[in-house]
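K.L.:
Here you go, sequence then predicted model.
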Amino acid sequence: MVIDDLADRAHDCDILLDQNYHLNMNTRYNKLNTDCELLLGPSYALLRNEFSLFRKKSFVRNGIIKRLLIFFGGIDAENCTSLAIEAISELNLDIAVDVVIGKYNPFKEQVKNACRSYKYNCHIQTNRIAELMSFADLAIGGAGISSLERCSLGLPAVIISIANNQIEVARSLHSIGASFYLGSSENISKENIKKIIQDLYQSPHKVKRAAIAAYSLVDGLGTKRVRRSMGI
């Protein structure tokens, strides 16, 4: 089995897995692999068991933002986390904020100090990410595997692509209303983030609509489907 998300080269394999959502996911590998089983899209998302467990406890959100989750992956070399923290702090919204970073984040001390200043909850290398996602009403983050994790729990998100291979996924999620794509990290300002968060805070119907779209995209059973195809 080969796991791919670029669709830019041929593979010699029995099974090809691309778990991401693409608007053209049913045709993007046609010219590259003609004699293998294709497992394409979020129905094959390889998520940890905790997401299936919290999905069973999840509910459709009402769109009112009371708790916000900021999570740009473990490293976040672009320091989008600090940008989001500063943007949210300037809005003075009556919300709780959870910030998640990895222990090797190069801006860890800066993030910790900012969270302390604004009384945000800072989680470093946490194993409670599914729980934190289930508690949140809206997230700000990248468009990597965390996008599929958020969708499995019906958590709408403002997404910023932090790598080139995230751009198409981010645009696809935005096009079906499951997320709100702002653009690539190098083009995002604090004002961009403030504007979208303020708009969503005042528009619960938009948040609820995105939550429903996200929840319907990923059911959390992808690992079982992949194992079945592999015969294990």
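P.N.:
Noted; the coordinates are in hand.
K.L.:
Now do the domain split for the chain, please.
P.N.:
By the assignment in automatic domain parsing, the chain contains the domains 2-47+221-230, 51-217.
K.L.:
any idea of the pLDDT on N33?
P.N.:
On pLDDT, N33 comes in at 64.
K.L.:
actually S89, not the one I typed
P.N.:
Per-residue confidence for S89 comes out at a pLDDT of 98.
K.L.:
Isn't it up against Y118?
P.N.:
Yes. Using C-beta atoms under 8 Å, S89 makes contact with Y118 at a distance of 4.7 Å. C-betas here are computed from N, CA, C, even on glycine.
K.L.:
Look at these two and report which has more neighbours.
P.N.:
Between S89 and Y118, counting by other C-beta atoms under 10 Å, S89 is the more crowded of the two (18 against 14).
K.L.:
next one: stretch 198-216 to chain centre, how far?
P.N.:
Stretch 198-216 sits 15 Å away from the centroid of its parent chain (C-alpha atoms, centre = their mean, to the nearest Å).
K.L.:
ok, now stretch 208-219?
P.N.:
Worked out by C-alpha atoms, centre = their mean, stretch 208-219 lies 12 Å from the chain centre.
K.L.:
Restricting to C-alpha, output it in PDB.
P.N.:
The C-alpha coordinates for stretch 208-219 follow below in PDB (Å, rounded to 0.1, in the frame of the first residue of the first chain):
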ATOM      1  CA  LYS A 208     -23.600  26.000  12.600                       C
ATOM      2  CA  ARG A 209     -23.800  25.400   8.800                       C
ATOM      3  CA  ALA A 210     -20.000  24.700   8.700                       C
ATOM      4  CA  ALA A 211     -20.300  22.300  11.700                       C
ATOM      5  CA  ILE A 212     -22.900  20.300   9.900                       C
ATOM      6  CA  ALA A 213     -20.900  20.200   6.700                       C
ATOM      7  CA  ALA A 214     -17.800  19.100   8.500                       C
ATOM      8  CA  TYR A 215     -19.500  16.400  10.600                       C
ATOM      9  CA  SER A 216     -21.000  14.800   7.500                       C
ATOM     10  CA  LEU A 217     -17.600  14.600   5.700                       C
ATOM     11  CA  VAL A 218     -15.700  12.300   8.100                       C
ATOM     12  CA  ASP A 219     -17.300   9.500  10.100                       C
END
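K.L.:
ok, of the domains of the chain, where does mean pLDDT dip lowest?
P.N.:
Sorting these by mean pLDDT places domain 2-47+221-230 lowest, at a mean of 91.
K.L.:
Can I take it that F59 is in a strand?
P.N.:
No. Using DSSP: H, G, I helix; E, B strand; the rest coil, the assignment for F59 is coil, not a strand.
K.L.:
quick one: it and F135, what's the gap?
P.N.:
Applying C-beta to C-beta, to the nearest Å, the value for F59 to F135 is 11 Å.
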